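**Student:** Next one to model:
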Amino acid sequence: MRHWPTSVRWAIGGDRLGAKDVVEIKNAIGGFKYKHKISVLLPVWNTESEWLQRAIDSVLHQVYPNWELCICDDGSTKHHVPRILARYQEQDRSGRIRIVSNRKNSGIVKASNAALSLATGEFVGLLDHDDELAPDAVFQVVGLLQEVEADMIYSDEDKVDAHERRFAPYFKPDWSPDTFLSNMYTGHFGVYRKELVDEIGGFREGLDGSQDYDLVLRLTERTSKIFHIPRILYHWRVVPGSAAGSAVAKKYALVAAKRAISAALMRQGEVGTAEDGNFPGWYRVRRKISGRPKLAIIVYGGSGKASLRQCIDSLERGVRDMDCEIIASDCGYESRKPSSRIHLVPIDAMKNTSYSEIANELASLASSCDELLFIHDDVRPAGKEWPSAMLEQAQREEVGVVGTKLLRREGVIENAGLVIGLDGLVGYPFRGLCSDSDGYFGFPNMIRNCSAVSGACFMVRRALFQELGGFDSIHFPTALFDVDLCLRAAKRGYRTIYTPYAPAYHGNFAPVDRAKPGDQEQDCFRERWAEILETCDPYYNPNLIITAPGFLPKGYVPLEHPSSHPSLEALLSVYYSRPDLQNAFPIGRGRFDQLVGWATTYGTTVDPARDALRPYLDEYRSLAKLYAQLRQTKKLKT
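**Tutor:** Sure, this is the predicted structure:
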């Protein structure tokens, strides 16, 4: 039995188990065919008494009974620590609490390995010494194990402060290997098959602070049996000095993480380097381009000869040092100077007229090229790494399609990967956010896996494009052909990658929507990709809203259609890009009044986000008055 409530229940505190839930879970446990033992590893060092007791209690309160708690006291100098541990072990009648103590502090790696040495379960789960498990955490894991053979299981998580207020829920995607190289997003609650953990040698010395990241990097090289539970099963404590509060709190962990990523690349025979990403705790794998691949840039779109000329001129500057040719439909283009790299096909000589047909016909002329870069004629390169940052990903055998960040002229995001099912069919998350915003846990500004990227600027190997039969111009002549290609590549086992490191401007520097799919195109898309539309995009999460702007927990939006309320969309977009606001105004129980008050007084006046919020000042003032009236009538709890 899977007990996965939506984020709406999380937001109102409804995911806390009631008596009826406990009865249902116990009945489900009675029907389990396999009752795996889960060993929870808990390294401890000088933990504050309250947090240590809460961590241990969260294991004791697990509804599923077949667990053991393996604790290593790593030479704590605070005397309350051994006393608390001794008391819990003395009260333990079942022998499920196992403790080992180090004479002196030896570091998190050795302490974790010592705890691991106590484990007798088939699976081990990791718990930090000041965090808490949800009471059904182990049950959910074992419940999933009734249905699948897994070597690794991870769940969603949130944060909890010193006052037990929960905030910053992280509803994660399913297994995303490239996202994982950018950030250890799987995090907590992580459960791993012990046999495999032992096989790879447990936690590796010299990587304190990122020892779990390194462990999972090595473990996932040995298995593809990785599963995700879309439910918050772990509460990450935010206290002064903790990594939950700030990634820079433990700078040594950031250094260790890059060493772990570099080691993973070396083991896999990949030539590349691990570098700091756009935010602390996020990383970039910069891969070396192999050889000197020949690139064909396929320019299509039909925006007119002025736009085509600007596009080709900008492309020539961007690929000056690359082996490249530009193939475009000729709509009266006049070059300032002749170039052997430009191949123009007169429109009246072309057999086809639709976007996808023209793109296919132009691509057929690139027979001597290794990579195809499809680009609308209203796109302009905007970064020094365009298009090399795409090429370094596209050359990988396991990668199918690579897309990049598209911007409007004012520097806000137009496109940062697509979500299947958003806005009913295919949607743009993060549209309208500042280019350097971390959006939802850094997603707009990290290399990550997506189900699809925009054909306004994407790259694919020519051999793979031919293998897939090109764009399906029969069923998708004007729209959705790019998304369909990404999904067909995924069906054959290829990944779609989004990279923010090759940005480009899109749409004559003004907002441009996708070509509107016709009824027949929509019907065909829904029929062909019904499974993903009816379930959930694997790189999204069922607890997130399915209307624009996306990547917002369902329970945080008090309106049925948030996209029809741009003031709310703007405020929430700022909120989710700002950990300081999330800490100051935890709205996990649907409380917006304090956040709205901040918007009316500071957000629209002196805060760096004022330009995005100021147009909605009157609406925020009206909403603040409404909250005040509700408070007076006691309809809004204080």
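
**Student:** Quick one, grab the pLDDT at residue 319.
**Tutor:** With respect to pLDDT, residue 319 has a value of 86.

**Student:** can you map out the helices along the stretch 51-200 of the chain?
**Tutor:** In the stretch 51-200 of the chain, the helices defined using DSSP state H, counting those that start in this stretch lie at 80-91, 108-118, 137-145, 177-182, 194-199.

**Student:** now the fourth one: mean pLDDT?
**Tutor:** When pLDDT is averaged along helix 177-182, the result is 98.

**Student:** for that helix, packing partners?
**Tutor:** strand 283-287, strand 448-450, strand 495-506 (3 or more Cβ pairs under 8 Å, 6 or more residues apart in numbering; DSSP states H and E). C-beta here means a position set from N, CA and C on the backbone, and glycine is covered the same way.

**Student:** mind putting those in JSON lines, distance to residue 297, mean pLDDT and mean neighbour count included?
**Tutor:** What follows is those, written out as JSON lines (distance: least, Cβ to Cβ, whole Å; pLDDT from 0 to 100; neighbours: other Cβ atoms under 10 Å):
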{"stretch": "strand 283-287", "distance to residue 297": "21", "mean pLDDT": "97", "mean neighbour count": "20"}
{"stretch": "strand 448-450", "distance to residue 297": "22", "mean pLDDT": "98", "mean neighbour count": "26"}
{"stretch": "strand 495-506", "distance to residue 297": "12", "mean pLDDT": "96", "mean neighbour count": "24"}
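
**Student:** So for residue 32, which of those sits nearest?
**Tutor:** Shortest distance between residue 32 and the helices and strands packed on helix 177-182, using Cβ to Cβ, is found for strand 448-450: 32.5 Å.

**Student:** Check the offset of the helix or strand following the closest one from the chain's centre.
**Tutor:** Downstream of strand 448-450, the next assigned helix or strand under DSSP states H and E is strand 457-461. In terms of Cα atoms, centre = their mean, to the nearest Å, the centre of strand 457-461 is set 21 Å apart from its chain centre.

**Student:** could I get strand 457-461 in PDB with only the CA atoms?
**Tutor:** Provided in PDB are the C-alpha atoms of strand 457-461 (Å, rounded to 0.1, in the frame of the first residue of the first chain):
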ATOM      1  CA  CYS A 457      17.700  26.000 -30.200                       C
ATOM      2  CA  PHE A 458      18.600  22.300 -29.700                       C
ATOM      3  CA  MET A 459      21.400  20.000 -30.800                       C
ATOM      4  CA  VAL A 460      21.300  16.300 -31.800                       C
ATOM      5  CA  ARG A 461      23.700  13.900 -33.400                       C
END
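
**Student:** What strands line up against that strand, and which way round?
**Tutor:** strand 371-376 (antiparallel), strand 399-407 (antiparallel) (DSSP bridges).

**Student:** Off-centre distance for the shortest one?
**Tutor:** When C-alpha coordinates are averaged (Cα atoms, centre = their mean), strand 371-376 and its chain have centres 26 Å apart.

**Student:** check contacts around the residue nearest to residue 180 when sequence neighbours are not counted.
**Tutor:** Nearest non-adjacent residue to residue 180, counting by Cβ to Cβ, 6 or more residues apart in numbering: residue 186, 6.6 Å away. Going by Cβ atoms under 8 Å, 6 or more residues apart in numbering, residue 186 touches 152, 154, 172, 175, 180, 216, 228.

**Student:** how about the helices in the stretch 351-500 of the chain?
**Tutor:** Using DSSP H, counting those that start in this stretch, helices in the stretch 351-500 of the chain cover 355-363, 388-394, 462-467, 481-491.

**Student:** Give me the contact list for the first one.
**Tutor:** In other words, helix 355-363. Residues outside helix 355-363 that contact it (Cβ under 8 Å, 6+ apart) are 296, 298-302, 327-329, 345, 350-352, 372, 374, 455, 462, 465, 470-473, 476-479, 481, 515.

**Student:** Kindly report the same for stretch 30-41.
**Tutor:** Stretch 30-41 is contacted by residues 1, 29, 59, 64, 66-70, 72, 112, 115-116, 118-127, 133, 138, 141-143, 145-146, 191, 194 when judged by Cβ under 8 Å, 6+ apart.

**Student:** Now, of these, which are buried?
**Tutor:** 29, 59, 64, 66-70, 72, 112, 115-116, 118-119, 121-127, 133, 138, 141-143, 145, 191, 194 (16 or more other Cβ atoms under 10 Å).

**Student:** what residues are up against the residue lying closest to residue 454 once chain neighbours are set aside?
**Tutor:** Distance criterion Cβ to Cβ, 6+ apart; nearest residue to residue 454, sequence neighbours excluded, is residue 415 at 4.8 Å. Contact analysis of residue 415 by Cβ under 8 Å, 6+ apart lists 403, 405, 406, 428, 431, 453, 454, 456, 506.

**Student:** just curious, which of those is nearest to residue 277?
**Tutor:** Using Cβ to Cβ, these come closest to residue 277 at residue 405, 13.8 Å.

**Student:** count of neighbours near the closest one?
**Tutor:** The tally of other residues near residue 405 (other Cβ atoms under 10 Å) stands at 25.

**Student:** any chance of the helices of the stretch 351-500 of the chain in CSV, plus mean neighbour count?
**Tutor:** Putting those into CSV (neighbours: other Cβ atoms under 10 Å) gives the following:
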stretch, mean neighbour count
helix 355-363, 23
helix 388-394, 23
helix 462-467, 17
helix 481-491, 22
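
**Student:** Nearest to residue 78, out of these?
**Tutor:** Across the helices of the stretch 351-500 of the chain, closest to residue 78 is helix 388-394 (Cβ to Cβ), at 48.1 Å.

**Student:** Residue 473 contacts residue 481, doesn't it?
**Tutor:** Yes: using Cβ atoms under 8 Å, residue 473 is in contact with residue 481, at 6.7 Å.

**Student:** can you pull the contacts of residue 128?
**Tutor:** Going by Cβ under 8 Å, 6+ apart, the list of residues near residue 128 reads 42, 43, 55, 188, 236, 237.

**Student:** so the third one sits right up against residue 130, yeah?
**Tutor:** Yes: counting by Cβ under 8 Å, residue 55 does reach residue 130; the two are 6.1 Å apart.

**Student:** and for these two, which residues touch both?
**Tutor:** Contacts common to residue 55 and residue 130, judged by Cβ under 8 Å, 6+ apart, are residue 47.

**Student:** Could you check which of those two is surrounded by more residues?
**Tutor:** Legend: neighbour count by other Cβ under 10 Å for residue 55 and residue 130, higher for residue 55 (24 against 20).

**Student:** wait, what's in contact with that one?
**Tutor:** Here residue 55 is in contact with 42, 47, 127, 128, 129, 130, 131, 132 (Cβ under 8 Å, 6+ apart).

**Student:** Could I get the contacting residues of the closest residue to residue 537 other than its chain neighbours?
**Tutor:** Excluding the flanking residues, the one nearest residue 537 by Cβ to Cβ, 6+ apart is residue 420, at 4.3 Å. By Cβ under 8 Å, 6+ apart, the contact set of residue 420 is 426, 451, 452, 483, 487, 529, 532, 533, 537, 540.

**Student:** now do residue 84
**Tutor:** 49, 52, 53, 56 are the contacts of residue 84 under Cβ under 8 Å, 6+ apart.
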